[in-house]
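Enquirer: sharing a model prediction with you, sequence too.
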Amino acid sequence: MAAQPVPHPSTDKKRVKVYELRNNDWFDRGTGLCTAAFSVSEDGQQREPRVLVESEDQPDRVLLDTRVGKEDGFHKQQETLIVWTDPSNGVDMALSFQEAEGCAMIWKFIASIQQQYHSVNAPDDSLSDDLAMDMPNPISLPPASMANLAEIESQMRVFSGTANGRDALTKYVLTEDYIGKLIPLVSDAEDFESLNDLHRLCNIMKIIILLNDTSIIEHAVSDECVIGVVGALEFDPDFPSHKANHRQWLQGEGRFKEVVHIEDTQILKKIHQTYRLQYLKDVVLARILDDNTFSVLNSLIFFNQVDIVQHLQSNANFLGELFNIFKSPIQDMKRKKEAVLFIQQCCAIAKNLQPPARQTLYNNFLAHGLLQVINYGLRHSDVAVRVGATDILVSMIDHDPQMIRSMIYRQLHDKQPPLTDSLIDLLLVEVDLGVKSQISDALKVLLDQGPPPQPPEALAKANGEYAVRAASRIPPSADPQQDNFLSGFYEYSAHKLFRPLINLKDRETMEFSVQQASIFTYLIEILCFFIRQHQHRSKFFVLTNDIVLRISQLLSCPEKFLKLVAIRFLRQLIGLQDEFYVKHVSEKRVIGPILDVLIETMPRDNLLSSACLEFFEFVRKENVKDLVKHIIENYRDKVQSLAYLELFRTLIMRYDQTGGFSANMDYYIEVDDEPRRRTNIINPKTGVLMEHLAMDQAEEEYWNVSDEEEDLQAKPGHRASSVNGESPTAKPLVDYASDEEGDENVEAGALSADEDRPDERPAKTDASSKDVAPPLERLSEKRRREEDEEDDLSKMVQHKRRNSTSVSPNPSSAGGLVRKKRPQSGTRDAGGGPRKIAISLSPSPKGGNIQSHGRPDDEV
């Protein structure tokens, strides 16, 4: 007698938590390290398999020490859990492992021990070293007969209660072909009209199928057994007064339609088997399926579908014959319809395949002319064919929209009608809302050119890298084929698509049929998408076709959902905060109808009033100034009637406070706050910021003159020109007693200098007109740019020192130029003071300052 190898014990310790069931609640005994091994019994001779858990915190403490016996009923649940019932006290125990690997190792030891217990008829519970390897199956069922059905059902329920019993029952059913022996009893029970026996047969078939064995399920759906199995399942004891008709459905020969003959018998067998498995899963066993059986059925279906698709796409002769049906001059409409539905089923199966296999299938279909099939199906009069063609297209778009776009580009290159025209034609005439929704989504995906490009300044610096390096990551420009496609679409197809909206121009009544009203919902949804994606093209289309005014006509429709659609479109326009659309909405005066709808629905709270209120709330919150001005100026009476709402009171108040100049409010606030700053930085002739002025020829000539020439020019006439040119009304600058006490009065000196500067300009004008060769205005601009580079405090100190040492009060003479080019003495002319810290005690009119600056330039 050959000895069976003893299972290798698991000596590695695995981290585990020990639980026991107390009062229907799992109690945590603690965390420890688990091992499974053989131990020596008390007499020192026999070895016993045991599972031992030692405490992690206290190694001397044992959390669990249980013996693996045949009556314990160990079960593995999920990947990290082992549960059993302790035979000594009847307490349910559980081990929860930290890692699935540890659970698998311990379970392998336990399962091998219990398998040996059930495979031999040992005299006691001890495990002998000499174990028989080949023993007969311990399970035996009564012979399949009408008289034994009750006993057969009872024993099967007992065996299926444990894992080992299920394994043994599975082997017995397969080896004895027990399903084949039970099938004849179904017809016998029907002949005797024995309802109790039919109910027992139904329960027995359920038990056998729920054993979750792939071999049993494949045998049950085979050609020789499937009719008998589903016949037994027709008599469900849960519905004793009803009988299903599964056999009638599966026996119908019209269910299987072979468009093109399939020569491979194995593929034909798998096609039939897959259909039966799906029927079994979705219809027959839909109420009683557990997760395990559901997974087994799905696995069988998936692998069959993979084999079927791989065979079909690799068979060039089959594909050629399939697509030649649509190229044949013989108009066999029935066969073409079946071909479209067959391709639809293939695409539906492909959704479950891996992306590479799916891509291969679609490429083979496109190479044989799938696009012509879609065009044919979309224009077919049968709704089933249109739905099938739409499903094919949507499946391919979901997988790879660029693949369909490439085919459309090829159609345009070959001067053929593009696929989008077929979609537009179907969208306008289709009555099925589901098909309309699919076509709408397909059009949006095909015409999607990706996210709008970012402006260059958005990529100026990215992740600490300057624009030179960030520019290398800028995505390439748009595809020229896509641009040509969009240009052609807006030139020809867009007018056809939005024809129902354009035709509203001469319509007097806004009453539509159900089909006409439903099309507006999809058209406006598509138009909103186009406005977001195709910015420039959509603007031109909206402007030239007066789309905004046409959609606003829907606000007078009796159907509330059409009013909501129109409001949603207008809300989309202002939500973009694009100046073009804001002005366009104002010009077309479409906000008045929205106010009319709101006045009509208030004070009721419904979706329509909420949409209107949200529209105006967005205008207030985002401070869309042009719209605020437009609303109050044109619809003040309507807004006043809604003034009991805080939203509209705020709009009126905001308009009244700004006096209607809300569009430039920020500019005027800034000018009022810093009048002197504006005076100093604005060019009096051009009104352009000084920093933006380019170098002119006069300035170039000044800087090209040498210092010696300037000294000769300044020495003889500097004092005379300063004294003679001084105006009697000019106020002297603030004098400082000495340099030591100047630090305390620096701020006051700067303040006085800025305050007195306008009054000294007449003197500057007289002196400038006599002696200064270069234009005074341009020289002051150059000084102003140089002084901007100095520190503010240094400028004020230099200003004080110049006033304490200079003889002439006029800082704009030629001598001032010489001192400016020598760093020993600081200068400050009337027109080039430090504008960033200039403080004005009383704002003076901007026009006066500009005029006083402009006179010397005119006189020169």
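Expert: Arrived safely, thanks for sending. Numbers count the residues shown, from 1 in each chain.
Enquirer: report the longest helix in the protein, please.
Expert: Counting residues, the longest helix found in the chain (DSSP state H) is helix 291-314.
Enquirer: show me where this protein has its strands.
Expert: Secondary structure of the chain (DSSP state E): strands located at 10-22, 25-40, 47-55, 62-67, 75-77, 81-85, 92-97, 461-462, 465-466.
Enquirer: residues making contact with the longest helix of the chain?
Expert: Residues from elsewhere that reach helix 291-314 (Cβ atoms under 8 Å, 6 or more residues apart in numbering): 209-210, 212-214, 217-218, 264, 267, 270-271, 273-274, 277-278, 280-281, 285, 289, 318-319, 346, 349-350, 352-353, 357, 360-361, 364. Bear in mind the C-beta positions are built from the backbone N, C-alpha and C, glycine included.
Enquirer: could you do stretch 269-289 as well?
Expert: With Cβ under 8 Å, 6+ apart as the test, stretch 269-289 has contacts from 206, 209-210, 217-218, 221-223, 226, 230, 233, 238, 244, 246, 249-250, 255-256, 262, 293-294, 297-298, 300-301, 304-305, 307-308.
Enquirer: which among those count as buried?
Expert: 206, 209-210, 217, 221, 226, 230, 233, 244, 246, 250, 293, 297, 300-301, 304-305, 308 (16 or more other Cβ atoms under 10 Å).
Enquirer: now residue 354: how far from residue 530?
Expert: 35 Å (Cβ to Cβ, to the nearest Å).
Enquirer: one more: residue 564?
Expert: In terms of Cβ to Cβ, residue 564 sits 20 Å off from residue 530.
Enquirer: of those two, who's got more company?
Expert: Legend: neighbour count by other Cβ atoms under 10 Å for residue 564 and residue 530, higher for residue 530 (23 against 19).
Enquirer: just list the residues touching the more buried one, thanks.
Expert: Going by Cβ under 8 Å, 6+ apart, residue 530 touches 447, 537-538, 541.
Enquirer: cool, and residue 351?
Expert: 358, 395, 398.
Enquirer: farthest-apart pair in the contacts of residue 530, please.
Expert: For those, the maximum inter-member distance is 12.6 Å, found between 447 and 541 (Cβ to Cβ).
Enquirer: these two: which is more packed in?
Expert: Shown here are residue 447 and residue 541; by other Cβ under 10 Å, residue 447 has more neighbours (22 against 19).
Enquirer: which of the contacts of helix 291-314 are buried?
Expert: 209-210, 212-213, 217, 267, 270-271, 273-274, 277-278, 280-281, 285, 289, 318-319, 346, 349-350, 353, 360-361, 364.
Enquirer: one step back: so which of the contacts of residue 530 sit within helices?
Expert: Among these, the members falling in helices (DSSP H) are 537-538, 541.
Enquirer: make JSON lines from those and add pLDDT and distance to residue 338 to it.
Expert: Output for those, formatted as JSON lines (pLDDT from 0 to 100; distance: Cβ to Cβ, whole Å):
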{"residue": "537", "pLDDT": "90", "distance to residue 338": "42"}
{"residue": "538", "pLDDT": "91", "distance to residue 338": "42"}
{"residue": "541", "pLDDT": "93", "distance to residue 338": "42"}
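Enquirer: with the residues you listed in mind, which one is nearest to residue 582?
Expert: residue 538 (15.3 Å).
Enquirer: quick one on the thing from earlier: from the contacts of residue 351, which is closest to residue 416?
Expert: residue 395 (22.6 Å).
Enquirer: what's that closest one in contact with, if anything?
Expert: Residue 395 neighbours (Cβ under 8 Å, 6+ apart): 347-348, 350-351.
Enquirer: for residue 415, state which of those residues is nearest.
Expert: Proximity of the contacts of residue 395 to residue 415 (Cβ to Cβ) peaks at residue 347, which lies at 28.4 Å.
Enquirer: was I right about that closest one contacting residue 391?
Expert: Yes. When contacts are counted by Cβ atoms under 8 Å, residue 347 is listed as touching residue 391 (6.7 Å).
Enquirer: more neighbours: which of the two?
Expert: residue 347 (24 against 20).
Enquirer: residue 67 bridge partners, please.
Expert: Beta-bridge partners of residue 67, counted by DSSP bridges, are residue 50.
Enquirer: what about it, distance to residue 343?
Expert: Taken as Cβ to Cβ, the span from residue 67 to residue 343 is 63 Å.
Enquirer: from what I see, residue 31 and residue 14 are in contact.
Expert: No. Between residue 31 and residue 14 there is no contact under Cβ under 8 Å: 11.5 Å.
Enquirer: higher neighbour count, the two?
Expert: Neighbour count, other Cβ under 10 Å: between residue 31 and residue 14, residue 14 has more, with 21 against 16.
Enquirer: and the gap between residue 641 and residue 617?
Expert: 18 Å.
Enquirer: any stretches of the stretch 551-700 of the chain with poor pLDDT?
Expert: Judged by pLDDT under 70, the stretch 551-700 of the chain has its weakly predicted residues at 659-700.
Enquirer: count the neighbours of residue 333 for me.
Expert: Residue 333 sits with 11 neighbouring residues when counted by other Cβ under 10 Å.
Enquirer: roughly how far apart are it and residue 319?
Expert: Separation of residue 333 from residue 319 (Cβ to Cβ): 21 Å.
Enquirer: what sits against residue 599?
Expert: Applying Cβ under 8 Å, 6+ apart to residue 599 gives the contacts 638, 641-642.
Enquirer: residues of stretch 605-613 that come out buried?
Expert: 608-609, 611-613.
Enquirer: so which of those are in helices?
Expert: 608-609, 611-613.
Enquirer: hmm, residue 379 is touching residue 421, no?
Expert: No. Judged on Cβ under 8 Å, residue 379 makes no contact with residue 421 at a distance of 10.4 Å.
Enquirer: neighbour-wise, which of those two wins?
Expert: residue 421 (19 against 14).
Enquirer: quick one: that one and residue 494 touch, right?
Expert: No. Checked against Cβ under 8 Å, the pair residue 421 and residue 494 is beyond contact range at 11.2 Å.
Enquirer: nearest residue to residue 148 in space, please, no chain neighbours.
Expert: Leaving out its chain neighbours, the residue that sits closest to residue 148 by Cβ to Cβ, 6 or more residues apart in numbering is residue 142, at 4.1 Å.
Enquirer: is it true that that neighbour touches residue 150?
Expert: No. Using Cβ under 8 Å, residue 142 is not in contact with residue 150; the gap is 9.7 Å.
Enquirer: ok, the residue lying closest to residue 320 once chain neighbours are set aside to residue 407 distance?
Expert: In this structure, residue 320 finds its nearest non-sequential neighbour in residue 368, 6.6 Å apart by Cβ to Cβ, 6+ apart. Remark: distance between residue 368 and residue 407 (Cβ to Cβ) = 13 Å.
Enquirer: now swap in residue 349 and tell me
Expert: For residue 349, the distance to residue 407 - Cβ to Cβ - is 22 Å.
Enquirer: same question for residue 277.
Expert: From residue 277 to residue 407 the distance is 35 Å (Cβ to Cβ).
Enquirer: ok, now residue 522?
Expert: Note on residue 522: its distance to residue 407, by Cβ to Cβ, is 24 Å.
Enquirer: count of neighbours near residue 84?
Expert: Using other Cβ under 10 Å, residue 84 has 21 neighbouring residues.
Enquirer: just residue 153 next, same as before
Expert: Residues near residue 153, counting by other Cβ under 10 Å: 16.
Enquirer: isn't it right up against residue 203?
Expert: Yes. Using Cβ under 8 Å, residue 153 is in contact with residue 203, at 5.5 Å.
Enquirer: do I have it right that residue 570 meets residue 590?
Expert: Yes. Counting by Cβ under 8 Å, residue 590 is a contact partner of residue 570 at 6.4 Å.
Enquirer: what sits in contact with each of these two?
Expert: Contacts common to residue 570 and residue 590, judged by Cβ under 8 Å, 6+ apart, are 548, 552.
Enquirer: what sits opposite residue 20 in the beta ladder?
Expert: residue 27, residue 93.
Enquirer: list the buried residues in stretch 514-528.
Expert: For stretch 514-528, by 16+ other Cβ under 10 Å, it's 517-528.
Enquirer: from these, which is closest to residue 107?
Expert: Using Cβ to Cβ, those come closest to residue 107 at residue 525, 55.8 Å.
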